[in-house]
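Asks: can't give you the sequence, but here's the structure:
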């Protein structure tokens, strides 16, 4: 159950309207690694958490924070679009070329669909999708997903920070950068804690390793010409999981022969390459 | 540039046809964390790699291996569908109830669209999407994405392993389990190497930290009632990045006031809450 | 800014596990008119609200309630999947035919992807999409959208109520039915209030009607053979907007001639139906 | 069964080509509330109509009209793209800055994919989706959906009217504005008629209200801080449905305790938080 | 501009309800190659046709016919769902195992969302997408697309014909088979006519061939091990276009060296593999 | 099983960076008819090929070549984005108006998400979708799909060739044009070979024609006003399949009456148009 207060946790006020910046910020709202993604990902992880209470509590704390991030960014977009010279297009277009280019490049749905408000979509207009998120029921797996999301997220914020000079926008971005820093620290710490607790690093740690093809579980297959890959730490020495030795396989050979698929019933009307299938036509 | 040989790297032969199993296997082909995803993710990462040659070489080696995984699974699905009792539905339906349930539950597109072949889709039929993958141009970020993908991937294979009793299918799954084990080891090793090289663990490591709100970069916000979250390793002590001390904030307060959006031009035809907008109608 | 408490506003406990019911409930979580849709729709409407404070406050109240609905339904799905006989498929399949059919019909992603937890998707597995929602910046338009959403939503809950006999599930559905009743009342009331305040019922009420083709603004065009449509209240008498008289046009005629598109530059390589385009090839 | 005549019901001729305008118009063709949506929505509603003939006849009349709207807009887009300076990009780019901005902002698929023709997509290029529409089999519900669609639709046309100065385009928009006016009148009238006939306003009107949690069916939950919501007509007095009294609940309390999900079978490889699950690994 | 008559061009009445068959038929309504696809594809081709009038007229004739096909199939689905035992689930489930399996396998949205009516979606529930269709502005290209669509379409109808024993359904399928036969004949004939008229078979026929790399325009590259491909008619002899000789290249060599991408500005925060990028962090 | 070499088969180097061109090229990578589509389409066709070995070998050869095309185009995009003036937006925007327009029109995800690398998406940013491709298990059907894909593909390359003046880009496009020429020749040749072998041209050739409504299999229905369609080669004379005579039907009549759908169980809560359904409410 949720409660809401209208104050923003941090300020979200641009110095000046700019529809092009509004378009960029959309990536942080409704992009693959935007705040809708982390909010929804953490909510579904929390709601299906069957583990220790402290994990569920922590996940729900962070999920709830991220909902507030969507709100701050949505507010920012609404303000970046205020006073945008969207009307009387042609007259405006003849003025300052900067204005012209900005209008031409703005997301038209910001005006037509949202009336100068934010959209549940990314910077090119793809609607946010439930397919972006994961809640697998395995916390170690999901904390790695979360670390990934916060890493990509902070990277995108950093890029937009450089692409945008507005001080008000940058102030909010500097908040998001800090929170993504914390969340990277958080998920890494939680991953470490779980790996230690579960006594393993290979997700899922509980799958019996004698049921996998252990003989090929430490091989690197050199399938792209060039041997530079053997210089990496993944190509020799003991594996991080402590259960095997990396091996660089220069020229991996197939174990199996070329598959030869059987024809299927002629009633599926596949390619009639067999005499009796051709004959089938005549019946 | 690629070359192909028709031999499979590992065998892909079920003991018996089973369209329900074929439906499950689709998750490993075209699901969010299926082999199409890792193959395409690694290919795009390799193609946009601007870093050291050994990384590009390694990424392309693994990408190329994953293409072969899609091939093995596609072959497996094609064989699981051979001899499936898809035809003369009603007659079959009256027979063995197991057959009935299997036909009823099978993916109808396996028959209607693919003629008893594999689909570029997941286990419920969603087509594979480019939105599943990431190639950010930052290898540390992307290697974390890859570790996540291999963790979720191995988890899903392990689950299907338990849901399927066919020995031939399990043989291939045991190969995938081993390779996902290796790839988890691989990406973790590569992440470690990059973190050491870049001298930091917060992606992107090169963003100047004085430009983020450092004062809030180690705070945990207790926003979901319940204080269990303070028991985690993320709530106290030095952060993993070595640059700050975790702090558990019991009752986070908003810094900013409630936003009050300005009305926009009446020509956007938003809600006419202002007298002059109402008047606007009459003009 | 949000806060969360872990107690559910209403109980969400099924009497018994049932993966088929879990599949149905997904429509209420991640379907076109599920709770993710109303929660997100109201949030975006609230965040871009430029109208009177009482509307924004009200919208945010309801949005926040809907987030809790997603939570209750997600919890319900997680519990419907507990103890589901998903493992050792074949052995189970030979038992009770009811079990067989249920397993065959269950959503395989509930097991493979979510480890017996909820999914951000509908009852056939389509991921939730930002394309389901609207926040137009015009409250009258959006309150109609909300009335529509709550009408479709309550209809779907009513259907599932009949399709499911589990008492625990029905208890939660009876809550949702009541809340959808309230929300229909709410949006209808708010629509009425806004129509009165704006002095019109045609969205947007502020668009000057002399800029539309007023002469055709009350015509019903009889374009599907059969004249039963003239018996409706939409075919004669004064229109609800009080500004015109409905008119049933028996045989609507085109005003314009058939369009004749000009050829475009041959450099677009369209169909070369003009001599000089054919000639273009030879240059 | 359909017939087509090539004359357009109304003229669709711009004064001058303008690829940026063509991009805007796409929202009215293939957007969430564009003409493809209403045409398809009404067709599916008509085809599944099990009610009185006059409703089916009326729905099919309007559906058929909307197909003609798609045609007029498609023609308009084709003409807006004629003579567009899409070729010899760089040379053009050096000329008039207005031209430059327009080319830069145009939808590249208009040229590359459609050869200067319309696309079944919205103004940012998202393809039209069957997920936009609803045909529920309940006419009262669906007529509300239709009223919503025509409200959002007219709003979008009004906005584009202001964003575009071309007289020919505006002429067609003034037609669409009038028809959307009529259709709003139409659906409101039909909703009113059905509400009276069914003797209720809560969709579905036939669901027995004693099966819902009637005790909470008139409560407003104040979940977002701020008490302005109690000033609305939804917070006190008799509800529009005439069956209850609105009640503003200042501080809604949870009825249920925090859910505690049971662990699931270890064969799902969730988080191994139980001793026997950890042990499971060793087997 | 369209007109509609309510009579169906051909009968659409099943002998008995069957929700599983209803699910299959959906592929023919809203699948990649269903009737919505051909109707919409032909409409957009007709609306953007800049060629001879007889082509536009013909395309619009066929498009209009296909709209009627969607109608017949939608009617069929509505009837296959009538009297389906969707209610009182558990009781029914205990009865006849065939009924059980059918209910378990049915598309739940047919009941929950559509109230036993058709959906604008395919047989697994993916909504129809504008991304399925093409209208390129080049008739020769598009007629090939149409031939492809009618070929895949007839193939799918033939398969469903075998999977369904209901005589009423088969009667309608036999109509669709015949019309798809005609349409294959039609598009092949039109393709032939255009190829002759344009004097070439390579789309677009007007692109000057001296601007392509003519020296590699007849090579077959043997990139998959195995030399069976040289036995095909595509590997030797004069090409169908009459302008070159096929050549089977046994071991194709790269012309270009391995690409070495330059680092980009450190402000994009890519992988900091260069000393000055690492240094950048310290600034 | 695949192998990779890092050399490109052909050079992929632009003369100068240009983010607008990079946006165009994306259509050839991840568009409906881009190289990801043909690569994946051919791979799935090859993997499910149950026909003669020479077809499978040929398909896999071409599929493997197309993977290399994606690689070349991805490399081209990465280079077109190098040195793009994406940073310090405003300052740049005040400079040369050409630069301004280009930045305004560029795909923001190229910077924000991909760090100046390629995306698995089309020219407006829609992610590539598995829904673009077909592998039906019937080679004649699929070779027609392939001919269509190569026709649309070459058309798009030709258009981009005219829209881009960069010599380096054009060099690569001239390679693609040549290869698409070859592949059109290839699939046409293969289609011809299969038609001859199967002794028919109507896919699927093996479906018994006496099971279709042969009496309507050669009719052209004149459903769009205007009689120009009777001038086409599809309207008279012997059909290409040699089994019937084309017939132009001036005024096609419906065979069936208007469908009258039965009401369904009131428990579906459809429109209560029957007295007993209204009564149902009172129970």
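Replies: Yes, it's here. Source: prediction; values computed, not measured.
Asks: mind listing what residue A:233 touches?
Replies: If you count contacts by C-beta atoms under 8 Å, 6 or more residues apart in numbering or on different chains, residue A:233 has them with B:189-190, B:192-193. (Glycine included, C-beta is placed from N, CA and C.)
Asks: which element is it on?
Replies: Under DSSP states H and E, no helix or strand contains residue A:233.
Asks: and the residue in the stretch 151-283 of chain A that chain C sits nearest to, helix, strand or coil?
Replies: The stretch 151-283 of chain A approaches chain C most closely through residue A:204 (9.4 Å), counting by C-beta to the nearest C-beta. For residue A:204, the assignment made with DSSP: H, G, I helix; E, B strand; the rest coil gives coil.
Asks: pretty sure it contacts residue B:155?
Replies: Yes: applying C-beta atoms under 8 Å as the test, residue A:204 and residue B:155 come out as touching, 5.1 Å apart.
Asks: can you list residues touching both of those two?
Replies: A:138, A:141, D:269.
Asks: do a quick rundown of the strands in chain A.
Replies: A:2-4, A:219-221, A:247-249 (DSSP state E).
Asks: packing partners of the second one?
Replies: In this structure, strand A:219-221 makes packing contacts with strand A:247-249, helix B:53-81, helix B:167-198, judged by 3 or more C-beta pairs under 8 Å, 6 or more residues apart in numbering or on different chains; DSSP states H and E.
Asks: quick one: residues in contact with it.
Replies: Strand A:219-221 has contacts (C-beta under 8 Å, 6+ apart) with A:229-230, A:234-235, A:246-249, A:252, B:58, B:61-62, B:65, B:182, B:186.
Asks: ok, it: who's next to it in the sheet?
Replies: Paired strands of strand A:219-221, with direction, are strand A:247-249 (parallel) (DSSP bridges).
Asks: so how far is the partner strand from its chain's centroid?
Replies: Averaged C-alpha coordinates place strand A:247-249 at 32 Å from its chain's average position (C-alpha atoms, centre = their mean, to the nearest Å).
Asks: buried residues, it. List them.
Replies: residue A:248 (16 or more other C-beta atoms under 10 Å in any protein chain shown).
Asks: pLDDT averaged over that strand, what's the number?
Replies: In this model, strand A:247-249 carries a mean pLDDT of 97.
Asks: go on, stretch A:174-181?
Replies: Averaged over stretch A:174-181, pLDDT sits at 98.
Asks: what about that stretch, near chain C?
Replies: No: Stretch A:174-181 does not reach chain C (C-beta under 8 Å from any C-beta of the partner chain); its nearest approach is 12.7 Å.
Asks: do that stretch and chain E meet?
Replies: No: Stretch A:174-181 lies out of reach of chain E by C-beta under 8 Å from any C-beta, never closer than 11.1 Å.
Asks: do that stretch and chain B come into contact?
Replies: Yes: counting by C-beta under 8 Å from any C-beta, chain B has neighbours in stretch A:174-181: A:174-175, A:177-179, A:181.
Asks: residues of the stretch 101-250 of chain A that sit close to chain D?
Replies: Neighbours of chain D within the stretch 101-250 of chain A, by C-beta under 8 Å from any C-beta: A:101, A:103-105, A:107-109, A:111-113, A:115, A:124-127, A:137-140, A:194, A:198-200, A:204-208.
Asks: give the buried residues for stretch A:47-54.
Replies: Buried residues in stretch A:47-54 (16+ other C-beta under 10 Å): A:47-54.
Asks: chain C: which of these is nearest?
Replies: residue A:48 (3.0 Å).
Asks: how far away is the closest one from residue E:53?
Replies: Residue A:48 sits 61 Å away from residue E:53, going by C-beta to C-beta, to the nearest Å.
Asks: equivalent analysis for residue A:55, please.
Replies: 70 Å.
Asks: residue A:98 too?
Replies: Using C-beta to C-beta, residue A:98 is found at 47 Å from residue E:53.
Asks: and for residue A:218?
Replies: 70 Å.
Asks: which residues does the residue lying closest to residue A:63 once chain neighbours are set aside contact?
Replies: In space, not counting the residues next to it along the chain, residue A:63 is nearest to residue A:42; the distance is 3.4 Å by C-beta to C-beta, 6 or more residues apart in numbering or on different chains. Neighbour list for residue A:42: A:59-60, A:62-63, A:66, A:146 [criterion: C-beta under 8 Å, 6+ apart].
Asks: and those as a markdown table, adding pLDDT?
Replies: Conversion of these to a markdown table gives the following (pLDDT from 0 to 100):
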| residue | pLDDT |
| --- | --- |
| A:59 | 98 |
| A:60 | 98 |
| A:62 | 98 |
| A:63 | 98 |
| A:66 | 98 |
| A:146 | 98 |
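Asks: taking these together, which two end up most distant?
Replies: Based on C-beta to C-beta, the longest span within those runs between A:60 and A:146 and measures 13.3 Å.
Asks: reformat the contacts of residue A:42 as a markdown table; add distance to residue B:120 and neighbour count.
Replies: Output for the contacts of residue A:42, formatted as a markdown table (distance: C-beta to C-beta, whole Å; neighbours: other C-beta atoms under 10 Å in any protein chain shown):
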| residue | distance to residue B:120 | neighbour count |
| --- | --- | --- |
| A:59 | 33 | 28 |
| A:60 | 36 | 26 |
| A:62 | 35 | 28 |
| A:63 | 33 | 23 |
| A:66 | 32 | 25 |
| A:146 | 28 | 26 |
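Asks: out of the residues you listed, which is nearest to residue A:10?
Replies: residue A:66 (13.2 Å).
Asks: the closest residue to that closest one other than its chain neighbours: neighbour count?
Replies: In this structure, residue A:66 finds its nearest non-sequential neighbour in residue A:39, 3.8 Å apart by C-beta to C-beta, 6+ apart. Using other C-beta atoms under 10 Å in any protein chain shown, residue A:39 is surrounded by 23 other residues.
Asks: is it correct that residue A:39 is in contact with residue A:71?
Replies: No: when contacts are counted by C-beta under 8 Å, residue A:39 is not listed as touching residue A:71 (9.9 Å).
Asks: residues near residue A:253, how many?
Replies: Number of residues near residue A:253 (other C-beta under 10 Å) recorded here: 10.
Asks: so how far is residue B:29 from it?
Replies: Distance from residue A:253 to residue B:29, by C-beta to C-beta: 24 Å.
Asks: residue A:54 and residue B:226 touch, don't they?
Replies: No: in this structure, residue A:54 is not within contact of residue B:226 by C-beta under 8 Å, at 9.1 Å.
Asks: now flag whichever of the contacts of residue A:42 is closest to chain C.
Replies: Distance to chain C across those (C-beta to the nearest C-beta) is lowest for residue A:60, with 5.4 Å.
Asks: residues contacting that closest one?
Replies: By C-beta under 8 Å, 6+ apart, the neighbours of residue A:60 are A:42-43, A:46, B:223-224, B:226, C:4, C:6.
Asks: fine by me, thanks again.
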